[in-house]
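Colleague: Dropping a prediction and its sequence here:
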Amino acid sequence: MTIRDDRRAAALALMADHLLAEGLAGASLRPLAKAAGISDRMLLYYFADKEEVLSLTLLTIAGRLQGDLAAVSSEPVSPRALAPVLWGVLQGPSMKPVMALWLELAAAAARGQEPFVRIGTQIGEGFLDWVEARLAVAPGVDRRATAALILGVIDGLVMMGGVGQAALAERALALWDLPSGS
């Protein structure tokens, strides 16, 4: 790695911490540059444009989350078993700002705001791949759709927790059940 690569990596780590603390409201160039300890001009020396800064910073955060998820066994398990395990990881104290930022990113993407549509799609695809790789399903069961169902349920429960319904989300997860054979 070059010195420039090292500085980019350091800036991404600091900007990721900033976005986790401030949310997308802190996603303009000046606050990101300040968080990285450099000027906004230098930030654009290290990165092509604001979209690349945001994309790589959000992907850095997603990479951290995937690192935390590495603690989950890579052995395939049933959807019934995987959803509660995934929920348990996402309920850790370090996950609250990550999940809040994910909800914010999803809301911006739902409004059609770029680059959040593209970034959200990329991050979402990565997590779908992660879930799908850990699923043990019966022959003929659509693995991708099953992974999407699990993420949809988990994201919905995260949203419920974000609006003050964490206890209800926990009770709902206790009811988690899928048709037999999955």
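Modeller: Good, I have the coordinates.

Colleague: Name the nearest residue to the residue nearest the centre of the chain, ignoring sequence neighbours.
Modeller: Centroid-nearest residue in the chain, with CA atoms, centre = their mean: Ala62, separated by 4.6 Å. Of all residues not flanking Ala62 in the chain, Ile123 sits nearest, at 4.7 Å (CB to CB, 6 or more residues apart in numbering). Heads up, the C-betas are built off the backbone N, CA and C, glycines and all.

Colleague: Pull the contacting residues for that neighbour.
Modeller: By CB atoms under 8 Å, 6 or more residues apart in numbering, the contact set of Ile123 is 58-59, 62, 102, 105.

Colleague: if I look at it, how far off is Glu22?
Modeller: To Glu22, Ile123 is 18 Å away according to CB to CB, to the nearest Å.

Colleague: Would you agree Ala71 falls within a helix?
Modeller: No. Counting by DSSP: H, G, I helix; E, B strand; the rest coil, Ala71 is located in no helix; its state is coil.

Colleague: Wait, it touches Leu90, no?
Modeller: No. Judged on CB atoms under 8 Å, Ala71 makes no contact with Leu90 at a distance of 12.0 Å.
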